[in-house]
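Undergrad: attaching a predicted model along with its sequence, questions to come.
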Amino acid sequence: MRLYNSLTKRTETFEPKREGIIDIYVCGPTVYNYIHIGNARPVVFFDVVRRFFEHMGYTVNFVSNFTDVDDKIVTKALEDETDEMTIANRFIEAFYRDVERLGSTTKYLAPRVTEHMSAIIDYIDRLVRSGYAYERNGNVYFRVSEIPDYGMLSGRRVEELMEGARVSVEAEKENPLDFTLWKRVEEGVTYPSPWGEGRPGWHTECVAMIEEIFGGHIDIHGGGTGLMFPHHENEIAQHRAVHGHPIANYWMHNGLLNIDQQKMSKSEGRVILVKDLDYDYMGFRLFTLNTHYRAPIDYSDETLTNHVNDWQKIKRTYAQTFYRLDLAEKLDRNGSFDSRLNRIYHNFIEAMEQDFNTPNAITELHNLTKYANQKLREKDTFPQMRAAVELFDTFFRVLGLDPRVRRLTQNDRALYHAWTEARQHKEYERADAIREKLQERGII
RNA sequence: GGUCCCGUAGCCAAGUGGCUAAGGCAAUGGACUGCAACUCCGUGAUCACCGGUUCGAAUCCGGUCGGGACCUCCA
């Protein structure tokens, strides 16, 4: 398995800390709104990462958090005249609904910041005691100058950051680059701490939860490119301060999703929410996976339509192969893998092992589709068709695609036989009426 | 001002030094069919431009043009 490591900027051979087990953490959403299709990208991609590792026999401990304490949630609660917990719960539920729509599994550990507040406060306290952080008027800041290679992940040097005209200037900070660990606040929910009532900054939650859940050192840390700076940079700094070693062996960052060549922007009305997507979600999933995860994706209706069509063809082929076998009572037989199918499987795995080259993996899905369609037109190919269905099932499981094809009912069979009979007797009007029903159900 | 990424057929996209530059969508010709749909077979690229390195470059280096991101919350 080869993985591009954002930390070292090179493709490396992946080796987990423990034989056969992979600990992975992906930064999750701040739950103050419905997620948009850009947020959907890591939801889909890291789901595929997990699925592929599981296919390869690994046990994957997958954790992705919910940020349910944040200024934006406080603002939203004030707007809606309710409390933060209500807002968070509402959007966590909505998040799970969207994740399911996208075909990603919801069965993973999803810790909430509110459930780990004492761990977060304790973490900050240790940073203060060891001199890596300092308190000013109820605010706590991280002392960036204590970390010599600060900026290594995002490829920035401290001097460059200092020169940036837009670095925020807060008088009480020792250094403009110092970031907030704890914030004294007047408005919204607060928590008691050694520095008074307030709320934690955003950057400590992930490291504190990783420490509490995994013991402080994981295999893979994932997230969107947009989080590299400053969030992940700050995670690295804090973890380095407390533990003296890197928090994760591999960092994986997915590229962003733009709309019409530009970044999604709420203020400019260029946002598409997952729940409002008026397309087949499996087609959308295929669309995101058809570009390598590190490259940016440019969304347009035309491009998405391309992949929705792709998916329809794949799904149709699968369904027809499946139903043909079902009608012939051959679904329970064993498949026969010929050299062509073996090569398709082999190429698929090879593509995935090459830093999750899902576009090339999808090419093999197309090759399989062609194979199945060819077998459908040839005589006496049930064993090969059966093998194709098995391989489809494997690819679908790894990529998280679901054609929603189930075994035929008695009614479906009767309909099919009636159609065949009508055609044999050249009763075309009746045959066409039945055909329409069969097509509606995707059986032919 | 500083840092960085990208430009492959109408559209999406893989390939990052070496066989005829994968694959899909769209288009188009043919086959199959009672008609149709589906499907199958076939058809498409001086790899933005200019120069350099090399026996050899889409791939490396320099420049030009074009697009975008980050340095502030951001998947």
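TA: Looks like it arrived, so ask away. For clarity, every value in this text was computed on a predicted model and none was experimentally measured.

Undergrad: neighbours of the residue of the stretch 151-300 of chain A found nearest RNA strand B, how many?
TA: Residue of the stretch 151-300 of chain A nearest RNA strand B, by CB to the nearest atom of the strand: residue A:224 (1.4 Å). Yep, even glycine has a C-beta here, placed from its N, CA and C like the rest. When neighbours are defined as other CB atoms under 10 Å, residue A:224 has 20 of them.

Undergrad: now do the contacts for it.
TA: A:27, A:38, A:41, A:42, A:253, A:254, A:255, A:256 (CB atoms under 8 Å, 6 or more residues apart in numbering).

Undergrad: check residue A:402 too.
TA: Contacts of residue A:402 by CB under 8 Å, 6+ apart are A:103, A:282, A:396.

Undergrad: just residue A:99 next, same as before
TA: Contacts of residue A:99 by CB under 8 Å, 6+ apart are A:43, A:105, A:106.

Undergrad: buried ones only from these, please, as a PyMOL command.
TA: Selecting the buried subset of the contacts of residue A:99 in PyMOL, with 16 or more other CB atoms under 10 Å as the burial test, is done by:
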select buried, chain A and resi 43
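
Undergrad: all helices for the stretch 101-250 of chain A, in order.
TA: Secondary structure of the stretch 101-250 of chain A (DSSP state H, counting those that start in this stretch): helices at A:117-129, A:158-163, A:203-214, A:233-243.

Undergrad: follow-up on the earlier one: distance of the residue of the stretch 151-300 of chain A closest to RNA strand B from residue A:42?
TA: 6 Å (CB to CB, to the nearest Å).

Undergrad: overlap in contacts of these two?
TA: residue A:254.

Undergrad: quick one, strands of chain A?
TA: Counting by DSSP state E, the segments of chain A that form strands are A:2-5, A:10-13, A:21-26, A:59-64, A:133-136, A:139-142, A:180-183, A:199-200, A:218-224, A:248-254, A:257-259, A:262-263, A:297-299.

Undergrad: worst mean pLDDT among the ones you listed?
TA: Across the strands of chain A, the stretch with the lowest average pLDDT is strand A:262-263; it has a mean of 78.

Undergrad: ok, that one near RNA strand B or not?
TA: Yes - contact of strand A:262-263 with RNA strand B (CB under 7 Å from any atom of the strand) involves A:262, A:263.

Undergrad: ok, residues contacting that strand?
TA: So strand A:262-263 is contacted by A:256, A:270 (CB under 8 Å, 6+ apart).

Undergrad: got the contact list for residue A:144?
TA: Neighbours of residue A:144 in contact, by CB under 8 Å, 6+ apart: A:150, A:158, A:175, A:177, A:178, A:179, A:237.

Undergrad: correction: the previous question concerned residue A:408.
TA: So residue A:408 contacts A:323, A:326, A:327, A:416, A:443 (CB under 8 Å, 6+ apart).

Undergrad: is it true that residue A:232 touches residue A:153?
TA: Yes - using CB atoms under 8 Å, residue A:232 is in contact with residue A:153, at 5.7 Å.

Undergrad: tabulate the helices of the stretch 101-250 of chain A (a markdown table), appending distance to residue A:392, mean pLDDT and mean neighbour count.
TA: Putting the helices of the stretch 101-250 of chain A into a markdown table (distance: least, CB to CB, whole Å; pLDDT from 0 to 100; neighbours: other CB atoms under 10 Å) gives the following:
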| stretch | distance to residue A:392 | mean pLDDT | mean neighbour count |
| --- | --- | --- | --- |
| helix A:117-129 | 44 | 96 | 19 |
| helix A:158-163 | 50 | 69 | 12 |
| helix A:203-214 | 35 | 95 | 23 |
| helix A:233-243 | 40 | 93 | 22 |
